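**Student:** fold the following.
(chains A and B)
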Amino acid sequence: MIPVLGLIGGILIGLFLQPEVPLWLQPYLPIAVIAALDAVFGAVRAVLDGIFNDKVFVVSFLANVVVAGFIVFLGDQLGVGAQLSTGVVVVLGVRIFSNVASIRRHLFRA
Amino acid sequence: MSDERPTPATPPDEAPRRGPWSSMFRMARPRATRANFFAAALALVLGFALATQVQQTQQQGLEQLREEELVRILDDVSQDAARLGNDARALEATRDRLLSGADTSAEALRAAQERLDTLGILAGTTPAKGPGIELTITDPEKKVTSALLLDALQELRDAGAEAVQIGDVRVVASTYFTDGPGGIEVSGKRVDSPYVIRAIGDSATMASAMDIPGGVNESVRRLGAVSTVEQRDTVDITALHSLEQPQYARPVPGQTGQGN
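**Tutor:** Numbering: from 1, shown residues only, chains lettered A, B, ... in the order given. Sure thing, here's the model as predicted:
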């Protein structure tokens, strides 16, 4: 409940403050957000699987964000930033989909 | 819930399976652990980043695009501009052609109409009006002959008459004069005294042509008839000559001149 409230609160803060994304962060923020979403959906799935662990969630969240950002950074350095970003988004999207499918099976048995 | 197991609270790995919804609710209960606090903080950051990124994307302009995307957009715009420029030039050319074509055809139509009017007056198929004279020869004793009328017509033509009508007969190139048993016939049509000859042209010139010594007026007077010449600003020539298709004569193609 508290993380959910945190999520909603964060969205509200973002909406009200309307901060400018600093230039150096701009390539990484979208990927980081998607990676974090992947971690969140993975956490929900873990809850339903009965294997949720707060610490695991925190670590996986941070690791996801950092790795995603690093991959994008690496891609930019190698000159394949756009392609690698797309690849990361695809992979994370697939993971999110499979997690959501698992959650759906748990919750709705379908 | 076939896999329900009546186990009490246990470590997360072996969480009790009392159904997915209840496990969700159980996890949602606020717990004052440090990890839960971290998770909440991370969720806060995630929501913040999410909202920020969404807004950033919505207000994203050209300045936030990568270099290759900018180059691609520039290429697209350049190609579009070139293509549209070509289109515009082609359409302008078409428009100019159509405009000049309209001018040309209007010009041709006007010229053709002018020519038709000229030929119509010459051929006597078109009514005509303009300044001219009206020559009236009153001849109660029927002394006037067709030759005199022919002379009068010739004098009028010499004086520049452009359209002539005798009685109600339009005078054209094929008009002829004969002396019939009952009187003068013009192109086979009987005309009686008083003979009214209307001619369009320079009225002063034609009037003086009638008055020259040995001319029409004098000849008429010698025959004991009376002729009067009236100069008018507007003479109406209403008699029409009906054209007949030439039976023998054929035009020679390609030798049409700007005939006068």
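
**Student:** whichever strand or helix holds B:Ile73 close to chain A?
**Tutor:** Using DSSP states H and E, B:Ile73 sits in helix B:67-123. Yes - judged by Cβ under 8 Å from any Cβ of the partner chain, helix B:67-123 comes into contact with chain A through B:Glu68, B:Glu69. Placement of C-beta: from N, CA and C, glycine included.

**Student:** parallel or antiparallel, list what pairs with the next helix or strand after that helix.
**Tutor:** From helix B:67-123 onward toward the C-terminus, using DSSP H and E, the following helix or strand is strand B:128-138. Listed by DSSP bridges, the sheet partners of strand B:128-138 and their directions read strand B:195-200 (antiparallel), strand B:226-237 (antiparallel).

**Student:** what does the longest one contact?
**Tutor:** Right, strand B:226-237. The contact list for strand B:226-237, computed with Cβ atoms under 8 Å, 6 or more residues apart in numbering or on different chains, reads B:127-139, B:163-165, B:170, B:198-200, B:203-204, B:207, B:210-211, B:216-217, B:220-221.

**Student:** likewise stretch A:77-93?
**Tutor:** The set of residues external to stretch A:77-93 that reach it, using Cβ under 8 Å, 6+ apart, is A:27, A:30-31, A:34-35, A:37-38, A:68, A:71-72, A:74-75, B:66, B:68-69.

**Student:** ends of stretch B:122-132, how far apart?
**Tutor:** Start-to-end span of stretch B:122-132 (Cα to Cα, to the nearest Å) is 16 Å.

**Student:** how about low-confidence regions in chain B?
**Tutor:** Across chain B, residues meeting the criterion (pLDDT under 70) sit at B:1-19, B:27-33, B:60-61, B:63-64, B:255-260.

**Student:** give me the buried positions along the longest helix seen in chain A.
**Tutor:** When secondary structure is assigned using DSSP state H, the longest helix within chain A turns out to be helix A:81-108. Of the residues in helix A:81-108, those with enough neighbours to count as buried (16 or more other Cβ atoms under 10 Å in any protein chain shown) are A:Gly81, A:Leu84, A:Ser85, A:Val88, A:Val89, A:Leu92, A:Arg95, A:Ile96, A:Asn99, A:Ser102, A:Ile103, A:His106.

**Student:** circling back: which one of the contacts of stretch A:77-93 is nearest to A:Asp49?
**Tutor:** Each of the contacts of stretch A:77-93 was scored against A:Asp49 by Cβ to Cβ, and A:Asp38 proved nearest at 15.9 Å.

**Student:** work out for me the element the closest one sits within.
**Tutor:** helix A:29-49.

**Student:** over to B:Ser208?
**Tutor:** helix B:203-211.

**Student:** alpha carbons of that helix, as PDB, please.
**Tutor:** Presented in PDB, the C-alpha positions along helix B:203-211 are these (Å, rounded to 0.1, in the frame of the first residue of the first chain):
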ATOM      1  CA  SER B 203     -22.700  60.300 -96.600                       C
ATOM      2  CA  ALA B 204     -21.100  63.600 -97.800                       C
ATOM      3  CA  THR B 205     -19.000  61.800-100.400                       C
ATOM      4  CA  MET B 206     -21.900  59.800-101.700                       C
ATOM      5  CA  ALA B 207     -24.200  62.800-101.700                       C
ATOM      6  CA  SER B 208     -21.700  64.900-103.800                       C
ATOM      7  CA  ALA B 209     -21.200  61.900-106.100                       C
ATOM      8  CA  MET B 210     -24.900  62.000-106.900                       C
ATOM      9  CA  ASP B 211     -24.600  65.700-107.700                       C
END
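
**Student:** show me what it is packed against.
**Tutor:** Using 3 or more Cβ pairs under 8 Å, 6 or more residues apart in numbering or on different chains; DSSP states H and E as the contact criterion, the elements in contact with helix B:203-211 are strand B:128-138, helix B:146-158, helix B:216-222, strand B:226-237.
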